[in-house]
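A.B. asks: Build me a model from this:
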Amino acid sequence: MSNSLKTGLPILSLALLAASFSAADTTNFNFNEGTSSDNGRVLRAYLHSFEDDTSTSTVIQPWLSDGAVWLASGEYLASGQQRSLPLDFNQPVQFDIRFKYDGPIMPDVNGNFQRPVLTNSTSDNLGEGLDLSIVEDNYGAWVLRFKLGDGTSEGYIKDLGVVDPYSWQNVSIIFEMGLDTPQVDFIVNGITDTLVLDDPGRGDIEYITDFLSYNEYSRLTDNSVQYYVGGPSLEILDSSSSTLIVDTLSMGERSAYVDIGAPNVQSVTAFDSGKVRNSGATLEVDVTYQTSDRALVPGLGLRVHFDSSALNVDKVANYLGDSAMGFQIMEDTNDYDDTPSTDKYVLAAWLDTAGGWPSIESPTVRLLSLPLTLQGCYTSSALKFTAASTAAGYTFEADDYELVDSVEPYLDILGDHTVTLQVGDQYIDAGAYANDGDCDLTSSIATVNPVDVNTVGTYTITYNVIDASGNSAKPVTRTVTVTE
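C.D. replies: Take a look at the predicted model:
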């Protein structure tokens, strides 16, 4: 069915009307012949429209074809406000949904797109409950994103990877809220992932558990929790131009057991061949990439963080052109690496929606090189790495790359290496000069001067200096001879 056949159809709202069931029950909708589940629960469809900043919903007949429900722009499914589908989230609960989009997906006038696939959130209660959405990132990639919260903070957020929204997406969400450390497990197209709920600042787990178990919204009265499928974005109200196709929806008893084990990993490694690392030195750091399973993936979004007071980075070299989305140097105002001293980062991304990146047949691929200059009275600094996005089912790993000044300072005397005096002559030592690259260390020189101009003899003046990194120069000396 083309998108044009759906133009003008109203919003679907899905009311799951039935008696209560325990967490051991499961309701399955397959949309083959209608909108009833295998245990008799019924869906209702609504049209949701906006006019003069007013939102209205009108009951309609859903469009069913090929065993699926087709949700055109603005259409969504929603459960009724009765306690028609209570789930006990103190026990394991599983949601299964299979969906895809019928092209094209059209962002709004600002280039944004976000449309929930499955959510509890309402326009009055943003961030309360669960939300599974397809969102478009800054590089035009489609990311499957899961959120869980109590409505008082940003909540827990898990990007489940870059996906092709025009292909069937098989997603299972398994809630394990009753564990000592609660977690949510995911199976996305056969790839497992997990979200550990261990940060109280992101949401009250006890409240979220009660909320999902069909208690009332915290900011609405006489309005119990609803589930919405395919609704227009509640944050970007004019960005839902798309047709969402859903052919499987089930919720209830857990049927899948996820053994996360050792997850697949996208990792990067940095290295350079520079031997001189002190103030003013220039070097080029290569950043290479590999996966733990040596598989091709849809891509990677990478941030390389640095301290601009210590490292001057103004360009990127050897940028991998394979499925490249571009790069830019940005201010790290969000402190993505939780390190305030790294005030900037290089953002680079690669995207292949067919999942064939990188196409180079090598277990390790160079992504880019960073030409940089060590500046100021340089001691040490580190490049840090975070992922802006990863492939579905993959975690990201990278060690900090330390750039430590290990070069001994330069030290030499001023004036002659040997001086001859007669007893009683005045002697003013010429001193020495020291630097560590572009950093003048003369004022840090330690001098041992035993010269006694009133006593005949041969004296050795010794000069030494240590830079801020603890590197010591080779001592230099001057010989002073006092004669009669």
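A.B. asks: Name the residue closest to the centre of the chain, please.
C.D. replies: Ala388 (3.7 Å; CA atoms, centre = their mean).
A.B. asks: My guess is that residue contacts Ala349. True?
C.D. replies: Yes. Under the criterion of CB atoms under 8 Å, Ala388 is in contact with Ala349, at a separation of 6.7 Å. In this view, the C-beta of every residue, glycine as well, is placed from N, C-alpha and C.
A.B. asks: Now for the two: what residues contact both?
C.D. replies: Common neighbours of Ala388 and Ala349 (criterion: CB atoms under 8 Å, 6 or more residues apart in numbering): 301-302.
A.B. asks: In a strand, the residue nearest to the centre of the chain, correct?
C.D. replies: Yes. Counting by DSSP: H, G, I helix; E, B strand; the rest coil, Ala388 is part of a strand.
A.B. asks: Nearest spatial neighbour of it, chain-adjacent residues omitted?
C.D. replies: Excluding its sequence neighbours, the residue lying closest to Ala388 (CB to CB, 6 or more residues apart in numbering) is Gly301, at 3.2 Å.
A.B. asks: again with Val346
C.D. replies: Among residues not flanking Val346 along the chain, Val304 sits closest, at 4.4 Å (CB to CB, 6+ apart).
A.B. asks: mind listing what's buried in stretch 445-456?
C.D. replies: 445, 451 (16 or more other CB atoms under 10 Å).
A.B. asks: Pull out the CA atoms of that stretch and give them to me as PDB.
C.D. replies: Extracted in PDB, the C-alpha atoms of stretch 445-456 (Å, rounded to 0.1, in the frame of the first residue of the first chain):
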ATOM      1  CA  ILE A 445      67.100  26.600  37.000                       C
ATOM      2  CA  ALA A 446      68.700  25.300  40.200                       C
ATOM      3  CA  THR A 447      72.300  26.500  40.500                       C
ATOM      4  CA  VAL A 448      75.000  25.200  42.900                       C
ATOM      5  CA  ASN A 449      77.800  27.800  43.000                       C
ATOM      6  CA  PRO A 450      80.700  27.000  45.400                       C
ATOM      7  CA  VAL A 451      83.100  29.700  44.000                       C
ATOM      8  CA  ASP A 452      85.200  31.500  46.700                       C
ATOM      9  CA  VAL A 453      87.100  34.300  45.000                       C
ATOM     10  CA  ASN A 454      89.300  34.800  48.100                       C
ATOM     11  CA  THR A 455      90.600  31.200  48.100                       C
ATOM     12  CA  VAL A 456      92.900  29.700  45.400                       C
END
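A.B. asks: what residues does that stretch touch?
C.D. replies: With contacts defined as CB under 8 Å, 6+ apart, stretch 445-456 is touched by 411, 421, 423-427, 429, 431-432, 434, 459-466, 480, 482-484.
A.B. asks: now the stretch 351-484 of the chain, which segments are flagged as low pLDDT?
C.D. replies: For the stretch 351-484 of the chain, the stretches flagged by pLDDT under 70 are 361-362.
A.B. asks: Please, where are all the strands along it?
C.D. replies: Assigned strands in the stretch 351-484 of the chain, in chain order: 365-374, 380-389, 394-397, 401-404, 410-413, 418-422, 432-436, 439-440, 446-448, 457-464, 476-483 (criterion: DSSP state E, counting those that start in this stretch).
A.B. asks: Output those as TSV; include the columns distance to Gln91.
C.D. replies: Shown next, in TSV, are the strands of the stretch 351-484 of the chain (distance: least, CB to CB, whole Å):
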stretch	distance to Gln91
strand 365-374	44
strand 380-389	33
strand 394-397	28
strand 401-404	46
strand 410-413	71
strand 418-422	90
strand 432-436	64
strand 439-440	64
strand 446-448	71
strand 457-464	71
strand 476-483	77
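A.B. asks: pretty sure the residue nearest to Ala388 is in a helix, no?
C.D. replies: No. Going by three-state DSSP, the assignment for Gly301 is strand, not a helix.
A.B. asks: Just list whatever residues bridge to it.
C.D. replies: Ala349, Ser389 (DSSP bridges).
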